[in-house]
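Asks: make a model of this:
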Amino acid sequence: MRYMMLIYKDETAEPPSPEESRRRVDGVWTVIDEATRRGVLQGCEPLAPTSTATTIRTQNGKALITDGPFAETKEQLAGYYIMDCKDLDEALEWAAKIPTCGGPNGCIEVRPLPGLPAREEVIAEAGASSHNG
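Replies: As a prediction, the model looks like this:
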């Protein structure tokens, strides 16, 4: 099962010291190298700050485009990892190794990636649900 580890951090928090930044970067690369070596890493990247985000919604059939993230929150989505793990326990072990997991200014949300169902399955389910209601 593939899992996405969503990295959240408080963009307004005071930046870490140069030593702490170096420790985090080293920690990130340790996780990336180990996960790559073990064949579980499928991808990972940081995201640009929320000040660069654009949100789009459809309202009354028209696209409504706004600057910034869709919600006001203390922590912002900062990046992600996708790892192919045997189960949730293994995914949580990997998430705990990611340096931004600790401390008061960040957390990691772990979610399974079940994959897209085949188009035929979706069509069959939609047809079955319309006949049951």
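
Asks: dump the C-alpha coordinates for the longest helix anywhere in the chain into CSV.
Replies: If you go by DSSP state H, the chain has its longest helix at helix 18-37. Only the C-alpha atoms of helix 18-37 are listed here, as CSV (Å, rounded to 0.1, in the frame of the first residue of the first chain):
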residue,chain,number,x,y,z
PRO,A,18,21.8,27.5,11.0
GLU,A,19,22.8,24.5,13.1
GLU,A,20,19.2,23.3,13.4
SER,A,21,18.6,23.9,9.7
ARG,A,22,21.7,21.8,8.9
ARG,A,23,20.5,19.0,11.3
ARG,A,24,17.1,19.0,9.6
VAL,A,25,18.5,18.9,6.1
ASP,A,26,20.9,16.1,7.1
GLY,A,27,17.9,14.2,8.6
VAL,A,28,15.8,14.6,5.5
TRP,A,29,18.6,13.3,3.3
THR,A,30,19.1,10.4,5.7
VAL,A,31,15.4,9.4,5.3
ILE,A,32,15.5,9.9,1.6
ASP,A,33,18.7,7.8,1.2
GLU,A,34,17.5,5.0,3.4
ALA,A,35,14.0,4.9,1.9
THR,A,36,15.5,4.8,-1.6
ARG,A,37,17.9,2.1,-0.7
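
Asks: contact partners for the closest residue to residue 43 other than its chain neighbours?
Replies: In space, and not counting its chain neighbours, residue 43 is closest to residue 82: 4.7 Å by CB to CB, 6 or more residues apart in numbering. C-betas here are computed from N, CA, C, even on glycine. Residues in contact with residue 82, defined by CB atoms under 8 Å, 6 or more residues apart in numbering, are 2-5, 41-44, 113.
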